[in-house]
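Asks: what follows is a protein structure lacking sequence information:
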């Protein structure tokens, strides 16, 4: 059973394995279907353009609530929902549109499936696939979620609906992001330049929940969304997803413009600059910690960069390796964006710097227009002035990104074993997996608590806040009590041998000293060492090699 749910082994291959075991245990069933207990109660709902399977929001929430109530007491849940499309293959016209959920408070859950649509086109009416979910949310918002086992009602709050720009416009029934009134947050009127819809810089009236519901700017709307029937803010409950907007959108756009300028030999850019950047990116592969699922590829592969590569380049590599390589005006503009996004994603500083970052992003947009022209002020670039309200409402930038949901999409795709009734297959595989977890009482929640512990001196590794610290490069760079250094030995007791950098300096001083946010420039490691506890470690870092020094940058997911 575990083999089927974790590796998506085909029914035929699983039957072969089962028949081998029947030689030892004759009482085993002849088909794996008997063990899987494939769910037949999930009934399809025919809609105008395909079929929808609703697996249930309440069922998923109760699974976590009753597991968590065994160990802690709580009275409310906060929930994120995601809606996005998934193409099965380039040669297939079949599309899946899962409705996914995730609990974000009081603890983090894994992503779960609420429902799934399948068809040859995207849903013609998104209200049809969201109706069952919204009905459940309404009921639980009014009466709470009842756990019969614990005789307790849990209050439910829908905190955010995470979508990329096209899906967000479909779910809210607004014009697409490349429409004249396509901005989700302000009433700017776009203009078409050079074949692209652009949005001029300036200060415009912001949309509010009331103006959205009253459809004050009527050309922004295409109808009424069922989400309007909920007691939510129709603006802030739909945050601008940084994964698609900032990382895949703006970062890729900037690098594409550099390559174009290099080919045209404009703004002091040329092909030599691009080749130099490629060499520097390649050198950073060895210094990229294991925390990053992908190492950053060179600009030759820009068209296939994944969001995690764009994030790595924007927040960590780019501001360091591009200094003195990019023309000064382009570098200053890029650094302004990178530092602003780093601060908004920083767990300690995101809510202290919003006003200064707001000014910095406005300056970025003005300089961007001067560097690249008003014809490149496209939707994603224009939207950079708006995510600060989302950060204040939901927390650090990456806390409301689509990364967890996009990762789960891959599992859905792997669960489909043939091209027939793909939505039904995905729904049944999910139901089988959850049935298996329920029977074994498996805790399927994400371990969101900071992990301090489990050292292995043989492998020279110790767990640290959902990460690993090792005694060898590149996973041995840390900050201990405000001092950067290297871990060179790990004991089973949890003690770490720490060698401190003797010359930590500011990497930059404008707009503030970099050491204020834990970014250091270092070159000399002390030969002396001290033994420290894992609890003395402030954060894990990435070290980026420069000509005569290292730049030490804290990994944001290890900062608390």
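Replies: Received it, and whenever you're ready, just let me know what you need. Not measured: the values here are computed from a predicted model.

Asks: and the spatially most central residue of the chain, how far is that from residue 237?
Replies: Taking Cα atoms, centre = their mean, the centroid of the chain lies closest to residue 403, which sits 2.4 Å from it. From residue 403 across to residue 237, the span is 19 Å (Cβ to Cβ, to the nearest Å). Quick note: C-beta positions are derived from backbone N, CA and C, even for glycine.

Asks: can you get me a residue count around residue 148?
Replies: Neighbour count of residue 148, defined by other Cβ atoms under 10 Å: 8.

Asks: scratch that, residue 30 is what I was asking about
Replies: Count around residue 30 with other Cβ under 10 Å applied: 10.

Asks: one more: residue 458?
Replies: Neighbours around residue 458, by other Cβ under 10 Å: 8.

Asks: over to the one 4 residues further on?
Replies: Using other Cβ under 10 Å, residue 462 has 26 neighbouring residues.

Asks: with residue 325 instead?
Replies: By other Cβ under 10 Å, 15 other residues sit near residue 325.

Asks: which one is it nearest to, not counting chain neighbours?
Replies: Excluding its sequence neighbours, the residue lying closest to residue 325 (Cβ to Cβ, 6 or more residues apart in numbering) is residue 276, at 5.6 Å.

Asks: run through the strands of the stretch 351-500 of the chain in chain order.
Replies: For the stretch 351-500 of the chain, the strands defined by DSSP state E, counting those that start in this stretch occupy 452-456, 461-464, 467-470, 477-480, 483-490, 495-500.

Asks: enumerate every residue touching the closest residue to residue 478 other than its chain neighbours.
Replies: Nearest non-adjacent residue to residue 478, counting by Cβ to Cβ, 6+ apart: residue 537, 5.1 Å away. Taking Cβ atoms under 8 Å, 6 or more residues apart in numbering, we find residue 537 in contact with 464, 469, 478-480, 496.

Asks: shouldn't the residue nearest to residue 325 be within a strand?
Replies: No. Residue 276: not assigned to a strand; according to DSSP: H, G, I helix; E, B strand; the rest coil it is helix.

Asks: ok, residue 489 touching residue 496?
Replies: Yes. Contact criterion Cβ atoms under 8 Å: residue 489 and residue 496 qualify, at 7.2 Å.

Asks: higher neighbour count, these two?
Replies: residue 496 (27 against 15).

Asks: distance of that one from residue 487?
Replies: According to Cβ to Cβ, residue 496 stands 5 Å off from residue 487.

Asks: list residues touching both of those two?
Replies: residue 469.

Asks: what about the closest residue to residue 395 other than its chain neighbours, how many neighbours?
Replies: Closest residue to residue 395 apart from its sequence neighbours, by Cβ to Cβ, 6+ apart: residue 350 at 7.1 Å. Using other Cβ under 10 Å as the criterion, residue 350 is surrounded by 22 other residues.

Asks: now residue 350: which helix or strand?
Replies: Here residue 350 is covered by no helix or strand, with elements defined by DSSP states H and E.

Asks: if I look at it, how far off is residue 307?
Replies: Remark: distance between residue 350 and residue 307 (Cβ to Cβ) = 20 Å.

Asks: and what of residue 509?
Replies: Taken as Cβ to Cβ, the span from residue 509 to residue 307 is 31 Å.

Asks: quick one, which of those two is more surrounded?
Replies: Each of residue 509 and residue 307 has its neighbours counted (other Cβ under 10 Å); residue 307 has more, 22 against 10.

Asks: which residues touch the more buried one?
Replies: With Cβ under 8 Å, 6+ apart, residue 307 has these contacts: 243-244, 247-248, 403, 406.

Asks: of these - the most surrounded one?
Replies: Going by other Cβ under 10 Å, residue 247 tops the contacts of residue 307 with 26 neighbours.

Asks: what's near enough to touch the residue nearest to residue 278 when sequence neighbours are not counted?
Replies: Among residues not flanking residue 278 along the chain, residue 298 sits closest, at 4.0 Å (Cβ to Cβ, 6+ apart). Each residue near residue 298 by Cβ under 8 Å, 6+ apart is listed here: 277-278, 281-282.

Asks: quick check: residue 203 vs residue 54, distance?
Replies: Distance from residue 203 to residue 54, by Cβ to Cβ: 43 Å.

Asks: looking at those two, which is more packed in?
Replies: Taking neighbours as other Cβ under 10 Å, residue 203 and residue 54 compare with residue 54 leading, 21 against 9.

Asks: my guess is that one contacts residue 132. True?
Replies: Yes. Between residue 54 and residue 132 there is a contact under Cβ under 8 Å: 4.3 Å.

Asks: phi, psi for the spatially closest residue to residue 504 that is not a sequence neighbour please.
Replies: Nearest residue to residue 504 in three dimensions, chain neighbours excluded: residue 520, at 4.4 Å (Cβ to Cβ, 6+ apart). Taking degrees, to the nearest 10, you get phi -120, psi 150 for the backbone angles of residue 520.

Asks: quick one, what contacts residue 520?
Replies: Residue 520 neighbours (Cβ under 8 Å, 6+ apart): 484, 501, 504-507, 514, 551-552.

Asks: related to what we said a few turns ago, mind listing what the residue lying closest to the residue nearest to the centre of the chain once chain neighbours are set aside touches?
Replies: Closest residue in space to residue 403, ignoring its immediate chain neighbours: residue 243 at 5.5 Å, by Cβ to Cβ, 6+ apart. For residue 243, the contacting residues are 164, 307, 311, 401-403, 406, by Cβ under 8 Å, 6+ apart.

Asks: now with 10 Å, please.
Replies: By Cβ atoms under 10 Å, 6 or more residues apart in numbering, residue 243 lies in contact with 162, 164, 249, 307-308, 310-311, 397-398, 400-406.
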